[in-house]
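[1] need coordinates for the below:
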Amino acid sequence: MKNKINRLNVSITNKVIELQERGYDCDFLLLNNSSLLCMQTNRKYPLDSVSINMMEHGYDFFSQSYKNVHTIETGNGERGVLLTETVL
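    The predicted structure is shown next:
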């Protein structure tokens, strides 16, 4: 079973690691009020004020759902990653 878990999550994990190595070092959380929260700086950004690009789509065994890996770029230079079940 462990090999199956690793195979299912490998594309998401590899993409997040690749993006972190490219400087996307913040973790973003999608809030209910259509804004993003940077977990490292505690800054909130309206969705329409940031650049969002979908980078990877894969199945996450732990949540038993498909996840989308997005990059986020803000106007003040913060760059990071957002995982969602929907494409933004």
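
[2] show me the shaky parts of this protein.
    For the chain, residues meeting the criterion pLDDT under 70 lie at 1-9.

[3] quick one: the helices in it?
    2-21 (DSSP state H).

[4] beta-bridge partners for the residue most central in space within it, please?
    The chain has residue 82 as the residue nearest its centroid, 2.1 Å off, counting by CA atoms, centre = their mean. Listed beta-bridge partners, residue 82: residue 70 (assigned using DSSP bridges).

[5] for residue 51, same thing?
    residue 73.

[6] enumerate every residue touching it.
    The contact partners of residue 51, taken as CB atoms under 8 Å, 6 or more residues apart in numbering, are 71, 72, 73, 74. Backbone N, C-alpha and C define where each C-beta goes, glycine included.

[7] which one (most neighbours) among the residues you listed?
    Neighbour counts for those, by other CB atoms under 10 Å, peak at residue 72, which reaches 23 neighbours.

[8] need the contact list for that one.
    For residue 72, the contact set (CB under 8 Å, 6+ apart) comprises 24, 26, 28, 36, 45, 50-52, 78-82.

[9] mind checking how far it is from residue 30?
    10 Å (CB to CB, to the nearest Å).

[10] what's the answer for residue 62, then?
    From residue 62 to residue 30 the distance is 18 Å (CB to CB).

[11] for residue 11, state which of the contacts of residue 51 is nearest.
    residue 71 (15.5 Å; CB to CB).

[12] contacting residues for the closest residue to residue 26 other than its chain neighbours?
    The spatial neighbour of residue 26 that comes closest, neighbours along the chain excluded (CB to CB, 6 or more residues apart in numbering), is residue 80 at 2.8 Å. The contact partners of residue 80, by CB under 8 Å, 6+ apart, come to 24, 25, 26, 27, 28, 38, 40, 71, 72.
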